[in-house]
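A.B. asks: Dropping a prediction and its sequence here:
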Amino acid sequence: MPPFERHVFVCTHGEYCPFDGSVEVHRTLKEGVAARGLKGRVRVNKAGCFDQCGNGPMVVIYPDNVWYGGVTLDKAGRILDEHIAGGRPVPDLTYDASPGAHKNGPRMAAINAARASSKTPTGTD
């Protein structure tokens, strides 16, 4: 028997997932696991980049090998209730892609533009 029934990884690294709220998604899942008495059976970890930039926040659950993309706090709640606690993946939220890197160029450009527009110009008189 493995040390954990489920291992949940949340991308909290890089330029894109954190911009879209992955740190909050991680916290929500971690606190939700503890609140449901699943700590010790389910492990929630911060993870590095899954090479799916612009499709996040990304959440991956093993050993189920289920990937979720674009995870909001509301979606995290469903994943927590239905998959992590309930044992059933959430089909309408799963991220389905062929193996390999799948970068979402338009979303990455939008995030970069939002960052650029929020920077305050320096040296203005």
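C.D. replies: Arrived safely.
A.B. asks: from here on, contacts and neighbour counts on C-alpha atoms
C.D. replies: Fine.
A.B. asks: how near is the residue sitting nearest the centre point of the chain to residue 119?
C.D. replies: Centroid-nearest residue in the chain, with Cα atoms, centre = their mean: residue 58, separated by 3.1 Å. Residue 58 sits 26 Å away from residue 119, taking Cα to Cα, to the nearest Å as the criterion.
A.B. asks: Same question for residue 82.
C.D. replies: Distance from residue 82 to residue 119, by Cα to Cα: 40 Å.
A.B. asks: neighbour count winner among these two?
C.D. replies: residue 82 (14 against 8; other Cα atoms under 10 Å).
A.B. asks: which SS state does the more buried one fall under?
C.D. replies: Judged by DSSP: H, G, I helix; E, B strand; the rest coil, the three-state class of residue 82 is helix.
A.B. asks: Surely it and residue 89 touch.
C.D. replies: Yes. The criterion here is Cα atoms under 8 Å, and residue 82 meets it with residue 89 at 6.7 Å.
A.B. asks: wait, is residue 10 part of a strand?
C.D. replies: Yes. Per three-state DSSP, residue 10 lies within a strand segment.
A.B. asks: ok, now which ones touch residue 90?
C.D. replies: Contacts here follow Cα atoms under 8 Å, 6 or more residues apart in numbering; on that basis residue 90 touches 78-79, 82-83.
A.B. asks: show me what contacts the residue lying closest to residue 30 once chain neighbours are set aside?
C.D. replies: Closest residue to residue 30 apart from its sequence neighbours, by Cα to Cα, 6 or more residues apart in numbering: residue 44 at 5.6 Å. By Cα under 8 Å, 6+ apart, residue 44 lies in contact with 7-10, 26, 29-30.
A.B. asks: which SS class is residue 44?
C.D. replies: Residue 44 is classified as strand under three-state DSSP.
A.B. asks: Kindly provide the distance from it to residue 103.
C.D. replies: Taken as Cα to Cα, the span from residue 44 to residue 103 is 24 Å.
A.B. asks: Same check on residue 22?
C.D. replies: 17 Å.
A.B. asks: Between those two, which is the more surrounded one?
C.D. replies: Per other Cα under 10 Å, whichever of residue 22 and residue 103 has more neighbours is residue 22, with 25 against 13.
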